[in-house]
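>>> structure, please.
(2 chains)
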Amino acid sequence: EPEVTQTPSHQVTQMGQEVILRCVPISNHLYFYWYRQILGQKVEFLVSFYNNEISEKSEIFDDQFSVERPDGSNFTLKIRSTKLEDSAMYFCASSEASGSYGYTFGSGTRLTVV
Amino acid sequence: AQTVTQSQPEMSVQEAETVTLSCTYDTSESDYYLFWYKQPPSRQMILVIRQEAYKQQNATENRFSVNFQKAAKSFSLKISDSQLGDAAMYFCAYRSAKAGGTSYGKLTFGQGTILTVHP
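As a prediction, this is how the structure comes out:
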């Protein structure tokens, strides 16, 4: 069964450093998403991406965040200057239509900011 | 804005028994989709079941079924013949069906319910 692949599975970074989280969505999917889950809390929407541009973003997704699809297969989330409160599990997801049939999630990247 | 509420932080069930997880939501929209996702200890989010709001018939996937009450804005998940592998965090989620709506394409999740299955 097709999978969404996320790398790395765990990243530790110093506060103030830039991090890039990588995702390879399912190849025939057109919609891409990033979600965040702070430990023990609910899963929160960050951003959706379609046709090479952001289609929607949440209030969490401020200027320190950016997304990119650099080469037609990867989908990345960049956090420019990490803060302690960015420590969370970050999930990438993709869908073939706009999600009406559900989304396929990756296994997540656990980001720890120290 | 839509909200999703799961009022049961934790539930437990004996293996082979049936358990029901509750979910309520708030929306002014008439057309939307509802989902249940399972998050096992591996942390991966796995789609369990999906319901289209315009369909009155409750969705079923093997041992998993829902009780969708549109007027009450309730969407509970029933797990029959519970297995040890069902132990996980379960999230209810909402997605607008309205093209161009503010939440189009985005999932709004509830807080989750931790399900423990006792052998």
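>>> excluding chain neighbours, what is closest to whichever residue of chain A sits closest to chain B?
Closest to chain B within chain A is residue A:105: 3.8 Å, counting by CB to the nearest CB. Placement of C-beta: from N, CA and C, glycine included. Nearest residue to residue A:105, sequence neighbours excluded (CB to CB, 6 or more residues apart in numbering or on different chains): residue B:45, at 3.8 Å.
>>> residues touching residue A:94, list them.
Residue A:94 sits next to A:4, A:25-26, A:29, A:31-33, A:75, A:103-104 when contact means CB atoms under 8 Å, 6 or more residues apart in numbering or on different chains.
>>> doesn't it lie inside a helix?
No - assignment of residue A:94 by DSSP: H, G, I helix; E, B strand; the rest coil gives strand, placing it outside any helix.
>>> partners of it in the sheet?
Under the criterion DSSP bridges, residue A:94 forms beta bridges with residue A:32, residue A:104.
>>> ok, the nearest residue to residue B:47 once chain neighbours are set aside - contacts?
The shortest distance from residue B:47 to any non-neighbouring residue, by CB to CB, 6+ apart, is to residue A:102 (4.4 Å). By CB under 8 Å, 6+ apart, residue A:102 lies in contact with A:95, B:35, B:47, B:50.
>>> go ahead and confirm residue B:92 touches residue B:3.
No - with contact defined as CB atoms under 8 Å, residue B:92 does not count as touching residue B:3 (11.1 Å).
>>> and for the two, which residues touch both?
The contact lists of residue B:92 and residue B:3 share residue B:25, where a contact means CB under 8 Å, 6+ apart.
>>> which residues of chain A lie near chain B?
Chain A has residues A:31, A:33, A:35, A:41-45, A:48, A:50, A:55-56, A:58, A:89, A:91, A:93, A:95, A:98-108, A:110 near chain B, with proximity defined as CB under 8 Å from any CB of the partner chain.
>>> buried ones only from those residues, please, as a PyMOL command.
Selection of the buried residues among these in PyMOL, burial being defined by 16 or more other CB atoms under 10 Å in any protein chain shown:
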select buried, chain A and resi 31+33+35+42+43+44+45+48+55+56+58+89+91+93+95+98+99+100+102+103+104+105+106+107+108+110
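>>> quick check on the residue of chain B found nearest chain A: phi, psi?
Ranked by CB to the nearest CB, the top residue of chain B for proximity to chain A is residue B:45, at 3.8 Å. The phi/psi pair for residue B:45 (degrees, to the nearest 10) reads phi -90, psi 120.
>>> about what we covered before: ok, so of the contacts of residue A:94, who is nearest residue B:107?
For the contacts of residue A:94, the residue nearest residue B:107 by CB to CB is residue A:103; the value is 6.8 Å.
>>> thought the closest one was touching residue B:47?
Yes - the pair residue A:103 and residue B:47 qualifies as a contact (CB under 8 Å) at a distance of 7.3 Å.
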